[in-house]
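Visitor: Sequence and computational prediction follow.
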Amino acid sequence: MAPSGNETVHANGNTILFSGAGGVRLRATRYGDPLSPPALLLHGGGQTRYAWADTATALAEAGYCACTIDARGHGDSDWSPDGDYRADMLAADLAEVIRSLDADPVIIGASMGGLTAILTLGEDPTLTCRALVLVDVAPRLERAGVRRIIEFMLRHQDGFASLEQVRDAISAYNPHRSPPEDLSGLRKNLRQRADGRYYWHWDPAFLDHARMPVDDEEMFNVSRLNAAAQHINAPTLLIRGHQSDVLSDTGARELLSIIPHARYAVLDKAGHM
C-alpha cells in the first residue's frame, strides 16, 4: 500500500481523465492502442498510478490497452471535496470508470485497489469484467502488516527535506528491496511545497479513513468483503508475495474457498510490494 520507491515513468503513455463519483476527476495514463481490450490497473493506498508503469507497458506490448489510474486523493487525481475516502467512494469511482468503457476490462488491483475491485464487482451485478487479478490482497489481512503500513504513512506527515530522506524512509520500510540509484523517479510520489519540503502525493484526510485495524472496523470491512467475493464469477487470479506480512497463505486460501474457481500463485522472492 505504501510507495515502493522503484517506480519509473514511461514516455509512451498518454494522460487521460476519467470521471469518478460526484464528478471527481481521476487522472490516468493509457498505454497501448485505445481499440485494444482494456485493462485497468489500480494501485494500493498511498501509491500513485506510476507504480504500475512497467506492468502497463508490458500489457500494451501484449495487445491490451492498459490504463493506470490514480485513486481519488492520490497522485494527480482530485481530492474528495469533503475529505470522504470511505471504501464506498472508492468503489463508486471504479464503477463509474467501468461504465465508461466500451468493453469489459481486465481489472488488476493491488492491496487497496484489489479490495476496491472486490467490493465494486461483488456488490453490483450490473458491472462485469473480463478477468480479475488480485495482488497480495484478500478480505482477511494480517493486522500487524496493515498496522506497519499505516504507521509508515502517519510517520512522515511533516514531509522530507530531501529526496535522500525519502529514499531512506522507503528503504527502512522495505529493506528487502534495493534502493533506487536514480532518485528522480521518487518525485512522482511527492509534492514539493513552497517551503521546499517534499510531501507524499496523497490527501492527508485519507488517513482519517485508513485506520489502525481493530475488530472489524478497518477501512474495508472483512464481512462485507467476504459477502461481495461470493458474487464474483469472472476468471480470478490471486497473487501473493511469499515474504508478505500483509497477506498470509491462510488469508489467501480463505478467499479461495469463497471464490473456488480462482487460481492462486505465490511469488517466492516478493513481499507485499
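Guide: Structure's in. What do you need?

Visitor: which stretches of this protein have low pLDDT?
Guide: Per-residue confidence for the chain (pLDDT under 70) gives these ranges: 1-12, 211-218.

Visitor: again, only this time at 90
Guide: Counting by pLDDT under 90, the chain contains low-confidence residues at 1-13, 46, 142-144, 146-158, 169-193, 200-202, 204, 207-220, 243, 269-273.

Visitor: where do the helices sit along the protein?
Guide: Assignment of helices within the chain using DSSP state H yields the ranges 53-61, 87-100, 112-123, 143-155, 163-173, 222-229, 249-258.

Visitor: and residue 56, how many residues sit next to it?
Guide: In terms of burial, residue 56 registers 27 neighbours under the definition other Cβ atoms under 10 Å. In this view, the C-beta of every residue, glycine as well, is placed from N, C-alpha and C.

Visitor: Then residue 15?
Guide: Residues contacting residue 15 under the criterion other Cβ under 10 Å number 10.

Visitor: wouldn't it be in contact with residue 25 here?
Guide: No. Using Cβ atoms under 8 Å, residue 15 is not in contact with residue 25; the gap is 11.6 Å.

Visitor: how close does the residue nearest to residue 35 when sequence neighbours are not counted sit to residue 28?
Guide: With Cβ to Cβ, 6 or more residues apart in numbering as the measure, residue 65 is the residue that lies nearest to residue 35, at 7.2 Å, once sequence neighbours are left out. Counting by Cβ to Cβ, to the nearest Å, the gap between residue 65 and residue 28 amounts to 11 Å.

Visitor: to the chain's geometric centre, what's the distance from stretch 18-28?
Guide: 16 Å (Cα atoms, centre = their mean, to the nearest Å).

Visitor: Quick check: buried residues in it?
Guide: Taking 16 or more other Cβ atoms under 10 Å as the basis for neighbour counts, the residues of stretch 18-28 that come out buried are 18, 20, 21, 24, 26, 27, 28.
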